[in-house]
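Q: pasting the structure only:
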């Protein structure tokens, strides 16, 4: 493994290793329509400019989701066109705030909003441990998962679960 890409927190090709670990191939942090709800829920907490929204979405996901201007600003424009948010200029920045209609829209699906931020909290917790040293463990972890599945097929899940639980406890004691 190259120390350069590990230190940069990215695999060759630029993909963050936190995202590779968190998601399977082709999966995304936000499902269809969730960026919209995430933005509305953040604006329900108070007015924000676009960069604040991008920064908070990135921070809440522990860096797994890198909010980009290409996803946030078109969504803000759409929400503004639908009169779910409004915008005003302050100090050279566009500040967005939720409208009553936006709050009603947000209240239509509180379960999805809850799931979005619970998922973000799960990844935020993981990101504390994602260092170049821990990234070097991916190969060993993958081999352990494969061996566990094979052993489960041969010896049954209960025996494998016992071994894995014992190993987890030993790791927690380190």
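A: Received, thanks. Since the structure is predicted, the reported quantities are computational estimates derived from the model, not experimental observations. Residues are numbered from 1 along each chain as shown.
Q: mind showing which ranges of this protein have poor pLDDT?
A: Scanning the chain with the threshold set as pLDDT under 70 gives 1-28, 123-132, 134-135.
Q: quick one: the closest residue to residue 79 other than its chain neighbours from residue 94, how far?
A: The shortest distance from residue 79 to any non-neighbouring residue, by CB to CB, 6 or more residues apart in numbering, is to residue 85 (4.5 Å). For glycine as for every other residue, the C-beta is placed from the backbone atoms N, C-alpha and C. The spacing between residue 85 and residue 94, counted by CB to CB, to the nearest Å, is 11 Å.
Q: tell me which of these two has more neighbours.
A: The residue with more neighbours, out of residue 85 and residue 94 and counting by other CB atoms under 10 Å, is residue 85; that gives 23 against 13.
Q: quick check: that one touching residue 43?
A: Yes. Between residue 85 and residue 43 a contact is recorded at 6.0 Å, counting by CB atoms under 8 Å.
Q: now the residue nearest the centre of the chain. Nearest residue, chain neighbours left out?
A: Nearest to the mean C-alpha position of the chain, by CA atoms, centre = their mean, lies residue 61 at 3.8 Å. Excluding its sequence neighbours, the residue lying closest to residue 61 (CB to CB, 6+ apart) is residue 120, at 4.6 Å.
Q: gap between that neighbour and residue 42?
A: Counting by CB to CB - residue 120 and residue 42 are separated by 11 Å.
Q: for residue 103, give me its contacts.
A: Neighbouring residues of residue 103 by CB atoms under 8 Å, 6 or more residues apart in numbering: residue 44.
Q: try it again with 10 Å
A: Contact analysis of residue 103 by CB atoms under 10 Å, 6 or more residues apart in numbering lists 40, 43, 44, 84.
Q: are any of those residues buried, and if so which?
A: By neighbour count, with 16 or more other CB atoms under 10 Å, the contacts of residue 103 hold 40, 43, 84 as buried.
Q: for the residues you listed, give me CSV that also has distance to residue 169.
A: Below are those laid out as CSV (distance: CB to CB, whole Å):
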residue, distance to residue 169
40, 42
43, 44
84, 49
